[in-house]
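Peer 1: sequence and predicted structure below; questions after.
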Amino acid sequence: MMNNKFLTILVFIIIGISLAVMLSNNRKNNMQYTLSIIKPDATARNLTADINKFFTDKSLTVVAQKELLLSEEQAQNFYIEHKNRPFYGGLVEYMTSGPVVVQVLKGEDAITKNREIMGATNPKNAAEGTIRKEFAESLERNSVHGSDSEESAKREISFFFDYDEVTKK
Ligand code: CMP
């Protein structure tokens with residue numbers, strides 16, 4: 001009788017501790033998804049595998065990937081926030097000039113981490129060891145795009161991917 005009561009209490013304590021550990025791990029591991037695009041200047045030079053190595057070296061996993069030729073309408077809508085910027089027309093023209101590889105990256109703090117891995121938008125300002133320092137040709141032909149916030153990541157991932165296309169959720 002005593003033994004049964006003791007065992008029940010012990011089981012509850014173990015479950016309680018396990019749940020607390022799981023919850024604190026989840027909070028510590030800020031697991032995120034982000035959208036990455038390998039742009040036409042990079043696909044033209046067959047850089048997809050080289051660029052993916054930058055991600056995997058920093059513990060980001062490519063959980064979805066496909067090569068597309070964007071239509072003018074897709075490129076316009078994707079970059080709609082830049083609609084009134086002077087470079088918008090050129091950006092749309094460039095992004096439709098050749099194939100792009102759209103990807104979902106997963107990892108701890110994936111959004112910020114990917115932006116660090118990519119380097120500054122303008123390759124002239126990109127740090128050593130970043131994708132843009134290594135491969136980008138100019139501000140426009142800057143090899144990669146990455147979501148800049150959780151809100152953009154949600155919008156941009158769902159712009160290109162259905163839920164069932166993302167593996168290892
Ligand atoms: P990306 O991260 O894809 O987001 C918008 C893109 O617009 C950016 O990378 C650059 O390639 C491009 N861009 C940003 N600023 C300029 C600019 N001043 N002139 C031309 N292109 C720009």
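Peer 2: Structure received.

Peer 1: contacts for stretch 78-94 next, please.
Peer 2: 39-40, 70, 72, 75-76, 95, 140-141, 156, 159 (Cβ atoms under 8 Å, 6 or more residues apart in numbering). All C-beta atoms are positioned from the backbone trio N, CA, C, and that covers glycine.

Peer 1: got the buried residues for stretch 49-68?
Peer 2: 51-52, 54-55, 60, 62-65 (16 or more other Cβ atoms under 10 Å).

Peer 1: what separates that stretch from the chain centre, distance-wise?
Peer 2: Offset of stretch 49-68 from its chain centre (Cα atoms, centre = their mean, to the nearest Å): 9 Å.

Peer 1: now the end-to-end length of that stretch.
Peer 2: For stretch 49-68, the first-to-last residue distance is 16 Å (Cα to Cα, to the nearest Å).

Peer 1: repeat that for stretch 80-91.
Peer 2: 11 Å.

Peer 1: buried stuff in it?
Peer 2: Quick answer for stretch 80-91 (16+ other Cβ under 10 Å): 88, 91.

Peer 1: tell me what the residue positioned nearest the centre of the chain is bridged to.
Peer 2: The centroid of the chain falls nearest to Thr34 when counting by Cα atoms, centre = their mean (2.7 Å). The bridge-partner assignment for Thr34, based on DSSP bridges, gives Leu105.

Peer 1: who in this structure is up against the ligand?
Peer 2: With Cβ under 6 Å from any ligand atom as the criterion, the chain meets the ligand at residues 87, 91, 121, 139-140, 142, 145.

Peer 1: which of these are buried? Put it as a ChimeraX command.
Peer 2: In ChimeraX, a selection of the buried entries from these looks like this (16+ other Cβ under 10 Å):
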select :91,121,140,142,145
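
Peer 1: show only the entries of the residues of the chain next to the ligand found in strands.
Peer 2: His145 (DSSP state E).

Peer 1: and the residues of the chain next to the ligand, which two are furthest apart?
Peer 2: Distance extremes for the residues of the chain next to the ligand: the farthest pair is Phe87 and His145 at 13.8 Å, using Cβ to Cβ.

Peer 1: filter the contacts of stretch 78-94 to the buried ones?
Peer 2: Among the contacts of stretch 78-94, those buried by neighbour count (16+ other Cβ under 10 Å) are 39-40, 70, 75-76, 95, 140-141, 156.
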